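*Asks:* Structure for this input, please:
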Amino acid sequence: RKQTVPKHLCFYSDVATPNGTLVGDVQFSLSGSDAQALVTFIVFFGVGLPLICMITSIMHFNKYRRVRRICRETRLQMQRDLLELEMLSREEEEEDGEEG
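*Replies:* Here you go, the predicted model:
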């Protein structure tokens, strides 16, 4: 097992003082579970989250395009239907005009 060298923890009462007051010693050690949690955290926020955001953006853009296409097709179909109704009403008017 790797030994960690203790680090000194000092308190500096003023920015101008070159030497601080020794408060204590600190040892940092990284256990296996802590290392696994750290790697998981880095992978999630470094790879997972940007990937999820990118996929969500692509899905939103595709939905936007699909809705825009459906609206355009619906608008064209309505225009065709209205044009057909207008043509039928004009034909009926012409037939009524010839009879009368």
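*Asks:* The longest helix along the chain: how far from the chain's middle?
*Replies:* Among the segments of the chain that qualify as a helix by DSSP state H, the longest is helix 49-99. Computed by C-alpha atoms, centre = their mean, to the nearest Å, the chain-centroid distance of helix 49-99 equals 30 Å.
*Asks:* Repeat that for stretch 10-30.
*Replies:* 43 Å.
*Asks:* Pull the residues that contact it.
*Replies:* Stretch 10-30 is touched from outside by Thr4, Val5, Pro6, Lys7, His8, Leu9, Leu38, with contacts defined as C-beta atoms under 8 Å, 6 or more residues apart in numbering. All C-beta spots, glycine's among them, are computed from the backbone N, C-alpha and C.
*Asks:* Gly20 versus Arg65, what's the distance?
*Replies:* Distance of Arg65 to Gly20, given as C-beta to C-beta, to the nearest Å: 62 Å.
*Asks:* same question, Gly97
*Replies:* Distance of Gly97 to Gly20, computed by C-beta to C-beta: 106 Å.
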